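Engineer: Sequence below, structure please.
(one chain, ligands or ions: 1)
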Amino acid sequence: MRSTHVSLPLRLPRIGYASRRYSVRVLGDSAAKPAVQNVADLKAWPLESGQDCLVEINGWVRNIRKASAVRFVEVSDGSSYSTVQAVVSKEMAEEIRLGAAVRLKGLWKLQSPPQVFSPPPEEPAPTPDEKPSRLPQIKFIDPAPDAREERPKITVPVGELQVDEVQILGASDPDTYPIQRKYTSPETLRNWPHLRMRTNLNSTLLRLRSDTIGSLSKIFNQENFIQTHPPIITSADCEGAGEAFKVIGGTRESPFFDSPKFLTVSSQLHLEAMAQAAGNVWTLSPSFRAERSDTNRHLSEFYMLEAEMSFVDDMDEVMDLVQRMTRSLVQDLAQQSSWKELEHARRHPRGPAETRTLEDLDDIAVLERRWNGMLVPEKWPRITYSEAINILEEHIDKFERPPVWGQGLGSEHEKFLAELIGYDKERNAYVPVFVTHYPRDIKAFYMRESAAEHHIKGQIVVDCFDLIAPDIGELAGGSMREHLLHKIITNLRHFSLEASANDPRLKWYVDLRRWGCPPHGGFGIGFDRLLSYLTGVRSIRDLVAFPRLYGRTDC
Ligand SMILES: NC(=O)C[C@H](N)C(=O)O
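Structural biologist: As a prediction, the model looks like this:
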């Protein structure tokens, strides 16, 4: 055999900065050149008078204000909640329209006169005897207006672009462009899912979603979990609730698949298989439910964050992971620019349209409670389903449907319990609550039977939990999975699924128990629901870019 000798170092192709496209380019020789690549960078660049630089900005026109000789054009490139102001002469601005994609070149310099601004007051340092955990971890609320007035005003350097060259990259007809500067309700914006991301709020939500995914990857990496890609097309409805969408390929005479196929309702079963090779695994994958629920919390297509751990016998460890993961996520998110910008905009809305838009979100005082709750380091409350039913029975007159042992908890029950048990007044926090050990018959076939001491009046309960929170109800669900072969077969029989044990659709799952199946457990979190809870976007339909739901899936 001929061997090829490769001499090192290899000559790798050079990736030069010049070959990359940015929305903002600093032209000429400026210290800003390597640091500034988009509008967010440009706005953050410390600008002192006399340090003007020549820049080119690519973006979309979000607003145009007229003055006698010039036009003030607000441009966004999607990198920041706020826009940059470009000052364009009346003649040069003739072709610039609301919604257009433009390239503007000019001098980036200090706005004059400079903007006047009141900085937030300094946080008082905690006294030595104050326990840090007793302080609210997050403070979103601005001090009372009176206190605000007393603060000294300072001038802040804000840059603007003095434009000397305009290029229209994509024209726009402002008369038909639906995204106007005035207030538009979330319901109306739903008519244009393909365009509504162009509002400051919706584009920031897109970035926040991306930041959250970045944080999750980091957190699971630190936890030594492997990220996986389970399949979207599956053979079995994992939850067994009959809510799966069927996938049909080919024709009736010549079908693509040899047996019925579905869009996945949960990646759990495949994650279990992967966990038995890799130990700890996770995924953030789309899930689909053909549920005819028409609520603010349901979508037919949603993203589920799911994790599975091998060699875990105690369900507390799975709940600990849910808490650790969520807490780290909130800690991380609080430092991300998308969240900081959103919070800042809520405290300092610019103009009545923005004020109304941001008032459509849940109250910032409520958000503060939610974030504080998720940051609580001690174990979050854990109560059993039976305890929950007892508590609910004491408040029976508060519910449309009375709580009954043996039936699932309704969303009204979950929200009530979460607030009653999870609200920590001292910390100004809604601490999420784990409800554990539900009756076997209202849960899925794969859950492990709990030890006898958990059984209630001879009724079997299973090692499972739901994580509930006020306003939203269920945030997460998880369980220990039955890992013994004879027991999983008994479970399938109990749920009248015994044929599945030999059916290729589920046989593989049963087979996992034949060869080295350790005790294991995992959980799933509705990712979009979690984001809507944290951001205060009231309907999950306004948080997901292209929502798919019962009766309405436009584009
Ligand atoms: N991975 C999970 O535990 C989620 C669970 N299969 C569900 O759909 O609720």
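
Engineer: which residues touch the closest residue to residue 180 other than its chain neighbours?
Structural biologist: For residue 180, the nearest residue in space outside its immediate sequence neighbours is residue 98; the separation is 7.4 Å by CB to CB, 6 or more residues apart in numbering. To be clear about C-beta, it is placed using only N, CA and C from the backbone, and glycine gets the same treatment. Under the criterion of CB atoms under 8 Å, 6 or more residues apart in numbering, the neighbours of residue 98 are 61, 62, 63, 64, 172, 174, 177, 180, 181.

Engineer: For the fourth one, list each beta-bridge partner.
Structural biologist: Going back to what we said before, that points to residue 64. With DSSP bridges as the criterion, the beta-bridge partners of residue 64 are residue 73.

Engineer: which bits of this structure sit near the ligand?
Structural biologist: 238, 239, 266, 268, 306, 477, 478, 522, 523, 524 (CB under 6 Å from any ligand atom).

Engineer: Show me those residues that map onto strands.
Structural biologist: Where those overlap with strands, as defined by DSSP state E, the overlap consists of 306, 477, 478, 522, 523, 524.

Engineer: if I read this right, the last one contacts residue 304, doesn't it?
Structural biologist: By that I understand residue 524. Yes - with the criterion set as CB atoms under 8 Å, residue 524 and residue 304 qualify as a contacting pair; they are 4.9 Å apart.

Engineer: For residue 513, give its distance to residue 236.
Structural biologist: Separation of residue 513 from residue 236 (CB to CB, to the nearest Å): 15 Å.

Engineer: Neighbour count for these two, which is higher?
Structural biologist: Using other CB atoms under 10 Å as the criterion, residue 513 and residue 236 rank with residue 236 on top: 22 against 18.

Engineer: What separation is there between the more buried one and the ligand?
Structural biologist: When distances are taken as CB to the nearest ligand atom, to the nearest Å, residue 236 and the ligand turn out to be 12 Å apart.

Engineer: Could you look up the SS state of that residue?
Structural biologist: Residue 236 carries the three-state label coil when classified by DSSP: H, G, I helix; E, B strand; the rest coil.

Engineer: before we move on, back to that, now, among the ones in strands among the residues of the chain next to the ligand, which is nearest to the ligand?
Structural biologist: Using CB to the nearest ligand atom, residue 524 comes nearest to the ligand of these, at 2.6 Å.

Engineer: Beta-bridge partners for the closest one, please?
Structural biologist: Applying DSSP bridges to residue 524, the residues it is bridged with are residue 306, residue 477.

Engineer: What about residue 106, how many residues nearby?
Structural biologist: Summarising burial for residue 106: neighbours were counted as other CB under 10 Å, giving 21.

Engineer: doesn't it fall inside a strand?
Structural biologist: Yes - per three-state DSSP, residue 106 lies within a strand segment.

Engineer: quick one: it and residue 160 touch, right?
Structural biologist: No - the pair residue 106 and residue 160 does not pass the contact test of CB under 8 Å, sitting 9.3 Å apart.

Engineer: Between these two, which contacts overlap?
Structural biologist: Contact criterion CB under 8 Å, 6+ apart; residues bridging residue 106 and residue 160 by contacting each: residue 86.

Engineer: which of the ones in strands among the residues of the chain next to the ligand tops the neighbour count?
Structural biologist: If you count neighbours using other CB under 10 Å, the busiest of these is residue 478, which has 28 neighbours.

Engineer: can you tell me which residues contact that one?
Structural biologist: With CB under 8 Å, 6+ apart, residue 478 has these contacts: 315, 318, 319, 322, 464, 465, 521, 522, 523, 524.

Engineer: Disregarding flanking residues, what is the spatial nearest neighbour of it?
Structural biologist: Of all residues beyond its chain neighbours, the one nearest residue 478 is residue 523 (2.8 Å), with distances taken as CB to CB, 6+ apart.

Engineer: pretty sure the one you found is touching residue 323, no?
Structural biologist: No - in this structure, residue 523 is not within contact of residue 323 by CB under 8 Å, at 10.6 Å.

Engineer: and the end-to-end length of stretch 79-88?
Structural biologist: For stretch 79-88, the separation between the terminal residues is 22 Å (CA to CA, to the nearest Å).

Engineer: now the helices: where do they sit in the protein?
Structural biologist: Counting by DSSP state H, the chain forms helices over residues 39-44, 145-150, 186-189, 200-222, 268-278, 315-333, 337-347, 351-359, 364-374, 385-393, 411-422, 485-494, 504-511, 527-535, given from the N-terminal end onward.

Engineer: looking at those helices, which is buried most?
Structural biologist: helix 527-535 (a mean of 23; mean count of other CB atoms under 10 Å).
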